[in-house]
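Visitor: quick one, structure for this:
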Amino acid sequence: MSLIRKFLLVLWRIWFYTLAGVPVVILFPFLAVALLFPNGYKFVYWTARNIWAPIILFGMGFYVRKKFYHPPLGPQSHLYIANHASYIDPFVMLRLWKRPSVFVGKMELVKIPIFGYLYKRAVIMVDRSDPKSRKAVYGFANRALQEGYGVVIFPERHYEDEQVLLNDFKRGAFKLAVDHQLPIVPMVFYDCKRKFPWYTSYGYPGELRAYSFPSIPTAGLTEADIPQLQKQAHAFIEQKLLEDPKKMGEKAVQKWMDYKGAAKVA
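Guide: Reported below is the predicted structural model:
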């Protein structure tokens, strides 16, 4: 990779953080006040979906092409899951659904100034190294579901491993779905892994395909059914990635392997 291209990629990433940060600073007073009210999260979600996410996606040169392979979802709360391969994924997710949903996110992001204040009040946080924190997720999610929100979880374990097309899924998302009898809506983000990977090694703007597929029912399932449900959801999303006519996920894995190989030679 030429030094000029590498420099442009770094600038592109810096621009991403600028686009992500500046609106949060400007909107902070309004969002902070909104979260003081019982239904304030609806305003926060609307702002994130209709202002924050479009600024970031458009500003980075991305546009979301979404397809729904199912009829409109009913009033019941759902658990939304998708493969997680990029910092851009949550913003793609926001553009898919008008109905407010609560994200389950990692605890570390609460340390970010200003953003962290909003984050810990609007997101179900989990510290993956702390079993008590993982258990607390269910209580927070239960309150969100009682208020009529859906729940969004990226269930991959070690999702930042670029050399794997789709990492194994964690159990927690599926336990939540079974405990609350939530239909699971599987989604596939085909292009994010190739066009905006975790590392600044490569990437480029363009179309981001996000497809939503018929829900996986959980009615009547019990604790004993969780492992099979976990495998079923993983196999479904992995198969969709493999069936992609553009093979973007596989190209992303190969691109990373080529990059690491070149780095070793250098």
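Visitor: relative to Gly206, how far out is Leu182?
Guide: To Gly206, Leu182 is 33 Å away according to Cβ to Cβ, to the nearest Å. (Each C-beta comes from the backbone N, C-alpha and C, glycine too.)
Visitor: more crowded one of the two?
Guide: It is Leu182, of Leu182 and Gly206, that has more neighbours when counted by other Cβ atoms under 10 Å, with 25 against 12.
Visitor: Val151 is in contact with that one, correct?
Guide: Yes. Contact status for Leu182 versus Val151: in contact at 7.3 Å, counting by Cβ atoms under 8 Å.
Visitor: shaky segments in the chain?
Guide: When residues are selected by pLDDT under 70, those of the chain lie in 1, 127-136, 262-266.
Visitor: mind listing what the residue positioned nearest the centre of the chain touches?
Guide: Nearest residue to the geometric centre of the chain (Cα atoms, centre = their mean): Pro90, 4.0 Å. Counting by Cβ atoms under 8 Å, 6 or more residues apart in numbering, Pro90 makes contact with Phe103.
Visitor: with Ala82 instead?
Guide: Asp89, Met93, Phe154, Pro186, Met187, Val188, Phe189, Ala210, Ile237.
Visitor: is Gly74 in a helix, a strand, or coil?
Guide: The local conformation at Gly74, judged by DSSP: H, G, I helix; E, B strand; the rest coil, is coil.
Visitor: actually Tyr119, not the one I typed
Guide: helix.
Visitor: is it in contact with Val110, as I believe?
Guide: Yes. Contact criterion Cβ under 8 Å: Tyr119 and Val110 qualify, at 5.5 Å.
Visitor: what is in contact with the two at once?
Guide: By Cβ under 8 Å, 6+ apart, the residues touching both Tyr119 and Val110 are Met125.
Visitor: Ile81 falls within a helix, correct?
Guide: No. Assessed with three-state DSSP, Ile81 is strand; it does not lie in a helix.
Visitor: show me what it bridges to in the sheet.
Guide: Beta-bridge pairing of Ile81 under DSSP bridges involves Ile153, Pro186.
Visitor: just checking, it touches Pro186?
Guide: Yes. Contact criterion Cβ under 8 Å: Ile81 and Pro186 qualify, at 5.8 Å.
Visitor: how about the contacts of Ala82 in JSON lines, adding neighbour count and distance to Asp225?
Guide: Converted to JSON lines, those look like this (neighbours: other Cβ atoms under 10 Å; distance: Cβ to Cβ, whole Å):
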{"residue": "Asp89", "neighbour count": "21", "distance to Asp225": "28"}
{"residue": "Met93", "neighbour count": "22", "distance to Asp225": "26"}
{"residue": "Phe154", "neighbour count": "22", "distance to Asp225": "22"}
{"residue": "Pro186", "neighbour count": "21", "distance to Asp225": "17"}
{"residue": "Met187", "neighbour count": "22", "distance to Asp225": "22"}
{"residue": "Val188", "neighbour count": "22", "distance to Asp225": "23"}
{"residue": "Phe189", "neighbour count": "26", "distance to Asp225": "26"}
{"residue": "Ala210", "neighbour count": "21", "distance to Asp225": "28"}
{"residue": "Ile237", "neighbour count": "23", "distance to Asp225": "18"}
